[in-house]
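Visitor: model this:
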Amino acid sequence: MHPVLMYHAIGSGPEIAGADPHYAVAEAAFAAQIAVLGTSVALARQVGDGAGIQAPCITFDDGHVSNYRIALPILLAAGLGAEFYVNSATVGRRGQVSWSELREMAAHGMSVQSHAHHHVLLSDLAAHELRAELEVSKKTIEDRLGQPVVVLAPPGGRYNRLTVAIAEELGYRRLAVSRPGLWQRFDAPTVPRFPIYASTSTATVQRYRRRWSRDTLRARLRYQLTQLGQQALGNRRYERLRNAVFASTP
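Guide: So this is what the prediction gives:
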(Lines give C-alpha, C1' and ligand atoms only; values in the text may rest on other atoms or scores of the structure.)
Protein backbone atom coordinates (compact mmCIF):
# COMPACT_ATOMS: atom_id res chain seq x y z
CA MET A 1 0.00 0.00 0.00
CA HIS A 2 1.32 3.42 -0.95
CA PRO A 3 0.11 6.66 0.67
CA VAL A 4 -0.47 9.85 -1.29
CA LEU A 5 0.20 12.90 0.88
CA MET A 6 -1.54 16.25 0.40
CA TYR A 7 0.44 19.36 1.40
CA HIS A 8 -0.28 23.05 0.91
CA ALA A 9 2.17 25.74 2.05
CA ILE A 10 5.58 24.91 3.53
CA GLY A 11 7.23 27.16 6.12
CA SER A 12 6.18 29.46 8.95
CA GLY A 13 5.74 33.15 9.68
CA PRO A 14 6.00 35.51 6.69
CA GLU A 15 6.87 32.56 4.43
CA ILE A 16 3.27 31.37 4.45
CA ALA A 17 1.54 34.74 4.01
CA GLY A 18 -1.80 34.21 2.31
CA ALA A 19 -1.93 30.48 3.10
CA ASP A 20 -4.13 28.64 5.59
CA PRO A 21 -1.84 28.27 8.65
CA HIS A 22 -3.59 25.06 9.72
CA TYR A 23 -2.28 23.41 6.56
CA ALA A 24 1.16 25.06 6.63
CA VAL A 25 3.88 22.55 7.51
CA ALA A 26 7.19 23.73 8.97
CA GLU A 27 10.25 23.26 6.79
CA ALA A 28 12.01 20.78 9.12
CA ALA A 29 8.81 18.78 9.62
CA PHE A 30 8.28 18.54 5.88
CA ALA A 31 11.83 17.29 5.30
CA ALA A 32 11.44 14.64 8.01
CA GLN A 33 8.03 13.51 6.77
CA ILE A 34 9.00 12.97 3.16
CA ALA A 35 12.14 11.13 4.23
CA VAL A 36 10.04 8.24 5.58
CA LEU A 37 8.49 7.66 2.13
CA GLY A 38 11.73 6.65 0.46
CA THR A 39 10.34 7.44 -2.99
CA SER A 40 7.68 9.62 -4.59
CA VAL A 41 6.36 9.32 -8.15
CA ALA A 42 3.91 11.81 -9.65
CA LEU A 43 0.37 10.50 -10.04
CA ALA A 44 0.27 11.79 -13.63
CA ARG A 45 3.14 9.47 -14.49
CA GLN A 46 1.68 6.52 -12.61
CA VAL A 47 -1.80 6.69 -14.12
CA GLY A 48 -0.31 7.49 -17.52
CA ASP A 49 1.45 4.14 -17.47
CA GLY A 50 -1.90 2.47 -16.83
CA ALA A 51 -0.54 0.31 -14.03
CA GLY A 52 -2.28 2.01 -11.13
CA ILE A 53 -0.68 3.52 -8.05
CA GLN A 54 2.55 1.61 -7.50
CA ALA A 55 4.50 4.17 -5.43
CA PRO A 56 3.90 6.88 -2.82
CA CYS A 57 3.36 10.42 -4.04
CA ILE A 58 3.86 13.85 -2.48
CA THR A 59 1.28 16.36 -3.71
CA PHE A 60 0.61 20.06 -3.16
CA ASP A 61 -2.63 22.02 -3.56
CA ASP A 62 -3.18 25.74 -4.25
CA GLY A 63 0.16 26.75 -5.80
CA HIS A 64 1.52 28.77 -2.87
CA VAL A 65 4.91 30.35 -3.63
CA SER A 66 6.50 28.39 -0.78
CA ASN A 67 6.11 25.29 -2.96
CA TYR A 68 8.83 26.73 -5.19
CA ARG A 69 10.96 28.64 -2.68
CA ILE A 70 11.02 26.09 0.14
CA ALA A 71 9.55 22.72 -0.88
CA LEU A 72 11.35 22.38 -4.22
CA PRO A 73 14.91 22.61 -2.81
CA ILE A 74 14.05 20.07 -0.10
CA LEU A 75 12.56 17.69 -2.65
CA LEU A 76 15.58 18.00 -4.93
CA ALA A 77 17.99 17.42 -2.05
CA ALA A 78 16.05 14.28 -1.12
CA GLY A 79 15.88 13.09 -4.73
CA LEU A 80 12.08 12.95 -4.65
CA GLY A 81 9.49 13.98 -7.20
CA ALA A 82 6.15 15.61 -6.44
CA GLU A 83 2.93 16.76 -8.07
CA PHE A 84 1.67 20.34 -7.82
CA TYR A 85 -1.97 21.29 -8.43
CA VAL A 86 -2.43 24.92 -9.47
CA ASN A 87 -5.35 27.19 -10.33
CA SER A 88 -4.44 28.46 -13.77
CA ALA A 89 -6.26 31.79 -13.19
CA THR A 90 -4.19 32.69 -10.11
CA VAL A 91 -0.69 31.63 -11.19
CA GLY A 92 1.64 34.61 -10.78
CA ARG A 93 -0.57 36.53 -8.36
CA ARG A 94 0.74 37.74 -5.03
CA GLY A 95 1.78 34.75 -2.90
CA GLN A 96 1.39 32.30 -5.79
CA VAL A 97 3.95 30.52 -7.95
CA SER A 98 4.59 32.11 -11.35
CA TRP A 99 4.62 30.42 -14.74
CA SER A 100 8.42 30.81 -14.95
CA GLU A 101 8.77 29.12 -11.55
CA LEU A 102 6.45 26.31 -12.63
CA ARG A 103 8.51 25.84 -15.79
CA GLU A 104 11.64 25.53 -13.65
CA MET A 105 9.88 23.02 -11.40
CA ALA A 106 8.79 21.00 -14.44
CA ALA A 107 12.36 21.10 -15.79
CA HIS A 108 13.47 19.50 -12.50
CA GLY A 109 11.03 16.64 -13.10
CA MET A 110 8.08 17.88 -11.06
CA SER A 111 4.55 17.33 -12.34
CA VAL A 112 2.16 20.29 -12.60
CA GLN A 113 -1.52 19.36 -12.80
CA SER A 114 -4.94 20.99 -12.47
CA HIS A 115 -6.66 22.47 -9.43
CA ALA A 116 -9.32 23.92 -11.80
CA HIS A 117 -9.09 27.38 -13.38
CA HIS A 118 -10.32 29.25 -10.28
CA HIS A 119 -10.37 28.05 -6.68
CA VAL A 120 -14.11 27.32 -6.66
CA LEU A 121 -16.11 24.42 -5.25
CA LEU A 122 -16.79 22.29 -8.32
CA SER A 123 -19.80 20.51 -6.83
CA ASP A 124 -21.64 23.87 -6.69
CA LEU A 125 -21.27 24.56 -10.44
CA ALA A 126 -23.65 23.99 -13.33
CA ALA A 127 -22.42 21.66 -16.07
CA HIS A 128 -21.33 24.46 -18.43
CA GLU A 129 -19.44 26.26 -15.65
CA LEU A 130 -17.76 23.05 -14.54
CA ARG A 131 -16.70 22.19 -18.07
CA ALA A 132 -15.17 25.64 -18.55
CA GLU A 133 -13.23 25.41 -15.27
CA LEU A 134 -11.68 22.07 -16.16
CA GLU A 135 -11.16 22.69 -19.87
CA VAL A 136 -9.52 26.11 -19.52
CA SER A 137 -7.25 24.90 -16.72
CA LYS A 138 -6.11 21.82 -18.63
CA LYS A 139 -5.42 23.72 -21.86
CA THR A 140 -3.68 26.64 -20.13
CA ILE A 141 -1.26 24.46 -18.15
CA GLU A 142 -0.51 22.25 -21.14
CA ASP A 143 0.11 25.26 -23.39
CA ARG A 144 2.28 27.04 -20.84
CA LEU A 145 4.36 24.07 -19.65
CA GLY A 146 4.21 21.57 -22.48
CA GLN A 147 3.34 18.60 -20.29
CA PRO A 148 0.05 16.63 -20.34
CA VAL A 149 -2.51 17.39 -17.66
CA VAL A 150 -4.28 14.16 -16.68
CA VAL A 151 -4.94 14.61 -12.95
CA LEU A 152 -7.45 16.98 -11.34
CA ALA A 153 -7.44 17.90 -7.65
CA PRO A 154 -10.87 19.42 -6.91
CA PRO A 155 -10.55 22.66 -4.87
CA GLY A 156 -11.69 22.18 -1.29
CA GLY A 157 -12.01 18.47 -2.00
CA ARG A 158 -15.55 19.06 -3.36
CA TYR A 159 -16.67 17.08 -6.36
CA ASN A 160 -19.63 15.01 -7.51
CA ARG A 161 -20.55 12.52 -10.23
CA LEU A 162 -20.87 15.31 -12.77
CA THR A 163 -17.32 16.43 -11.96
CA VAL A 164 -16.00 12.91 -12.57
CA ALA A 165 -17.96 12.52 -15.82
CA ILE A 166 -16.88 15.83 -17.33
CA ALA A 167 -13.28 15.38 -16.20
CA GLU A 168 -13.14 12.00 -17.92
CA GLU A 169 -14.63 13.48 -21.12
CA LEU A 170 -11.91 16.14 -21.15
CA GLY A 171 -9.06 13.65 -20.79
CA TYR A 172 -8.39 13.64 -17.06
CA ARG A 173 -7.38 10.15 -15.96
CA ARG A 174 -7.89 10.51 -12.20
CA LEU A 175 -9.14 12.90 -9.51
CA ALA A 176 -6.78 13.37 -6.56
CA VAL A 177 -9.25 13.89 -3.72
CA SER A 178 -9.10 14.82 -0.04
CA ARG A 179 -10.51 11.53 1.22
CA PRO A 180 -7.90 9.81 3.41
CA GLY A 181 -7.00 6.23 2.67
CA LEU A 182 -4.81 3.95 0.58
CA TRP A 183 -5.55 3.43 -3.11
CA GLN A 184 -6.98 -0.03 -3.69
CA ARG A 185 -9.20 -0.22 -6.78
CA PHE A 186 -7.45 -0.06 -10.14
CA ASP A 187 -10.62 1.16 -11.90
CA ALA A 188 -11.56 3.83 -9.35
CA PRO A 189 -11.69 7.37 -10.85
CA THR A 190 -10.42 8.92 -7.61
CA VAL A 191 -7.14 8.61 -5.73
CA PRO A 192 -7.41 9.14 -1.94
CA ARG A 193 -4.90 11.40 -0.21
CA PHE A 194 -3.94 12.03 3.40
CA PRO A 195 -4.19 15.75 4.25
CA ILE A 196 -1.09 16.89 6.14
CA TYR A 197 -1.67 19.59 8.75
CA ALA A 198 0.68 21.84 10.71
CA SER A 199 0.22 19.46 13.65
CA THR A 200 0.85 16.20 11.74
CA SER A 201 3.86 14.31 13.08
CA THR A 202 6.42 12.28 11.16
CA ALA A 203 5.29 9.20 13.10
CA THR A 204 1.74 9.73 11.83
CA VAL A 205 2.97 9.94 8.23
CA GLN A 206 4.86 6.70 8.77
CA ARG A 207 1.71 5.01 10.08
CA TYR A 208 -0.28 6.19 7.06
CA ARG A 209 1.51 3.43 5.15
CA ARG A 210 -0.70 0.88 6.98
CA ARG A 211 -4.39 0.59 6.13
CA TRP A 212 -5.53 -0.31 9.63
CA SER A 213 -3.19 1.85 11.70
CA ARG A 214 -4.66 4.04 14.41
CA ASP A 215 -3.75 7.19 12.51
CA THR A 216 -5.21 5.98 9.22
CA LEU A 217 -8.50 5.09 10.88
CA ARG A 218 -8.57 8.40 12.77
CA ALA A 219 -8.01 10.34 9.53
CA ARG A 220 -10.85 8.48 7.83
CA LEU A 221 -13.21 9.13 10.76
CA ARG A 222 -12.33 12.84 10.76
CA TYR A 223 -13.11 13.00 7.06
CA GLN A 224 -16.45 11.24 7.49
CA LEU A 225 -17.49 13.68 10.23
CA THR A 226 -16.48 16.58 8.00
CA GLN A 227 -18.57 15.14 5.18
CA LEU A 228 -21.60 14.95 7.47
CA GLY A 229 -21.13 18.60 8.40
CA GLN A 230 -20.86 19.65 4.76
CA GLN A 231 -23.98 17.72 3.81
CA ALA A 232 -25.97 19.12 6.72
CA LEU A 233 -24.93 22.75 6.25
CA GLY A 234 -24.16 22.96 2.54
CA ASN A 235 -20.85 24.10 1.13
CA ARG A 236 -21.24 27.84 1.69
CA ARG A 237 -22.51 27.69 5.28
CA TYR A 238 -19.93 25.04 6.15
CA GLU A 239 -17.09 27.17 4.74
CA ARG A 240 -18.28 30.23 6.71
CA LEU A 241 -18.41 28.18 9.92
CA ARG A 242 -15.03 26.60 9.26
CA ASN A 243 -13.37 29.96 8.58
CA ALA A 244 -14.91 31.43 11.74
CA VAL A 245 -13.63 28.53 13.87
CA PHE A 246 -10.12 28.68 12.39
CA ALA A 247 -10.02 32.47 12.78
CA SER A 248 -10.71 32.11 16.49
CA THR A 249 -8.10 29.37 16.98
CA PRO A 250 -4.60 30.59 17.92
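Visitor: all helices of this structure, in order?
Guide: Ranges of helices within the chain are 27-35, 43-48, 66, 72-78, 99-107, 127-145, 161-170, 202-207, 214-233, 235-247, based on DSSP state H.
Visitor: Neighbours of residue 143, how many?
Guide: Neighbour count of residue 143, defined by other Cβ atoms under 10 Å: 9. Any C-beta I mention is one placed from the backbone N, CA and C, and that applies to glycine too.
Visitor: swap that for residue 76, sorry
Guide: Neighbour tally, residue 76, other Cβ under 10 Å: 14.
Visitor: ok, it touching residue 105?
Guide: No. With contact defined as Cβ atoms under 8 Å, residue 76 does not count as touching residue 105 (9.8 Å).
Visitor: if you skip the residues just before and after it, what's nearest to residue 108?
Guide: Here the nearest residue to residue 108 in space, its sequence neighbours aside, is residue 76; by Cβ to Cβ, 6 or more residues apart in numbering that works out to 6.2 Å.
Visitor: cool, and residue 211?
Guide: Here the residue nearest residue 211, using Cβ to Cβ, 6+ apart, is residue 182, at 5.2 Å.
Visitor: where does that neighbour fall, phi/psi-wise?
Guide: Here is the backbone geometry of residue 182 (degrees, to the nearest 10): phi -110, psi 130.
Visitor: wait, isn't it in contact with residue 56?
Guide: No. With contact defined as Cβ under 8 Å, residue 182 does not reach residue 56; the gap is 10.0 Å.
Visitor: okay, which residue is most central for this protein?
Guide: residue 61 (3.8 Å; Cα atoms, centre = their mean).
Visitor: Just the pLDDT for that residue.
Guide: Here the pLDDT value assigned to residue 61 is 98.
Visitor: Tell me where the model's unsure across the chain.
Guide: Judged against pLDDT under 70, the low-scoring parts of the chain cover residues 1, 49-51, 184-187, 229-250.
Visitor: let's go with 80 and repeat that
Guide: Residues of the chain meeting the criterion pLDDT under 80: 1, 48-53, 183-187, 227-250.
Visitor: Isn't residue 31 up against residue 75?
Guide: No. Between residue 31 and residue 75 there is no contact under Cβ under 8 Å: 9.4 Å.
Visitor: Compare those two and say which one has the larger neighbour count.
Guide: Neighbours were counted for residue 31 and for residue 75 using other Cβ under 10 Å; residue 75 has more, 24 against 19.
Visitor: What distance do you get for that one to residue 10?
Guide: Taken as Cβ to Cβ, to the nearest Å, the spacing of residue 75 relative to residue 10 amounts to 10 Å.
Visitor: residue contacts, residue 105?
Guide: Shown in contact with residue 105 (Cβ atoms under 8 Å, 6 or more residues apart in numbering): 67-68, 72, 84, 97, 112.
Visitor: now those residues as a markdown table including neighbour count and distance to residue 167?
Guide: As requested, the contacts of residue 105 are exported to a markdown table (neighbours: other Cβ atoms under 10 Å; distance: Cβ to Cβ, whole Å):
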| residue | neighbour count | distance to residue 167 |
| --- | --- | --- |
| 67 | 28 | 23 |
| 68 | 21 | 26 |
| 72 | 21 | 27 |
| 84 | 27 | 18 |
| 97 | 26 | 23 |
| 112 | 29 | 17 |
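Visitor: can you tell me which two in those residues are farthest apart?
Guide: Farthest pair in those (Cβ to Cβ) is 72 and 112. Separation: 11.8 Å.
Visitor: and the nearest residue to residue 177 once chain neighbours are set aside, what are its bridge partners?
Guide: Ranked by Cβ to Cβ, 6+ apart and with sequence neighbours excluded, the top spatial neighbour of residue 177 is residue 190, at 4.8 Å. Counting by DSSP bridges, residue 190 forms beta bridges with residue 175.
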